[in-house]
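Visitor: Build the 3D model from these lines:
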Amino acid sequence: MLDKRSKNEQKLFERVFKRHVNTMDSEEWEKGGREITKVEKDVPNKCLNVHFANGEWFR
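Guide: Sure thing, here's the model as predicted:
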């Protein structure tokens with residue numbers, strides 16, 4: 001999924017993923033909070049939206 005992204009987008013993704021992981025406890029982690037279902041570019045907001053299997057998404 002990330003292999004289609006530029007280096008800057010990959011770095012941005014890493015920051016978003018870390019932010020998401022830091023909000024979870026171990027139970028949420030086990031429920032699929034680490035599984036990425038979609039990464040989409042949000043051009044108007046100049047960011048990436050990262051969607052996770054537990055239904056959450058982060059910019």
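Visitor: For the chain, which segments count as helices?
Guide: 7-22, 26-28 (DSSP state H).
Visitor: what's the helix or strand of the chain with the lowest mean pLDDT packed up against?
Guide: Using mean pLDDT, DSSP states H and E, helix 26-28 stands out as the lowest-scoring helix or strand of the chain, at a mean of 76. Of the remaining helices and strands, none touches helix 26-28 by 3 or more C-beta pairs under 8 Å, 6 or more residues apart in numbering; DSSP states H and E. From N, CA and C alone the C-beta is placed, and that goes for glycine too.
Visitor: wait, doesn't E9 sit right on C47?
Guide: No - with contacts counted by C-beta atoms under 8 Å, E9 stays clear of C47, the gap being 9.7 Å.
Visitor: which regions of the chain lie under the pLDDT threshold?
Guide: Within the chain, the stretches with pLDDT under 70 are 1-3, 29, 32-33.
Visitor: Name the surrounding residues that touch the least confident helix or strand of the chain.
Guide: Contacts with helix 26-28, where a contact means C-beta atoms under 8 Å, 6 or more residues apart in numbering, come from N54.
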